[in-house]
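Visitor: The following comprises the amino acid sequence and a computationally predicted model.
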Amino acid sequence: MMKKQIMKEKILVVDDEEGIRLLYKEELEEEGLDVHIAASGEEALKKLEKDKYSLIVLDIKMPGIDGIEVLRRIKEKWKSLPVILCTAYHHYKQDFGTWASDAYVVKSSDLKELKDTIKGILGSR
Ligand SMILES: [Mg+2]
């Protein structure tokens, strides 16, 4: 049931690590999502100008524009676009810049929490 609901939803995964981009793309496509990827904040913002996405999975630590700044710009322009911040570090939860995100997921090799969070957000609209 859940899988059907989020079928063909287009999401954007933003992470500077290629291994993570590929892993997330593969695993989230298995969940029935249409997964697009961006390797930097700059690339993500360009893609957002051109295309419409249902949700963004956003890494915090990236060279160039970091995830906190990308989040700020997204919420300025596309207020209702859900953003899930993803990072290996717990301490960002205390950073006020992350409060604007819709969810915060600590990176793990097990993507269950991320998948459940995506389903929760997409399913509740
Ligand atoms: Mg990173």
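Guide: That came through fine.
Visitor: Would you mind giving the secondary structure of the most centrally placed residue in the chain?
Guide: Against the mean C-alpha coordinate of the chain, by Cα atoms, centre = their mean, the closest residue is residue 57 at 0.5 Å. Using DSSP: H, G, I helix; E, B strand; the rest coil, the structure places residue 57 in strand.
Visitor: so what's it up against?
Guide: Residue 57 makes contacts with 11, 12, 13, 14, 15, 24, 28, 84, 86, 114, 118, as judged by Cβ atoms under 8 Å, 6 or more residues apart in numbering. (Glycine included, C-beta is placed from N, CA and C.)
Visitor: which one of the residues you listed is nearest the ion?
Guide: Checking the contacts of residue 57 against the ion by Cβ to the ion gives residue 15 as the nearest, at 5.7 Å.
Visitor: Using CSV, lay out the contacts of residue 57 together with pLDDT and secondary structure.
Guide: Listed next are the contacts of residue 57 as CSV, based on pLDDT from 0 to 100; DSSP: H, G, I helix; E, B strand; the rest coil:
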residue, pLDDT, secondary structure
11, 97, strand
12, 98, strand
13, 98, strand
14, 98, strand
15, 97, coil
24, 96, helix
28, 96, helix
84, 94, strand
86, 90, strand
114, 95, helix
118, 95, helix
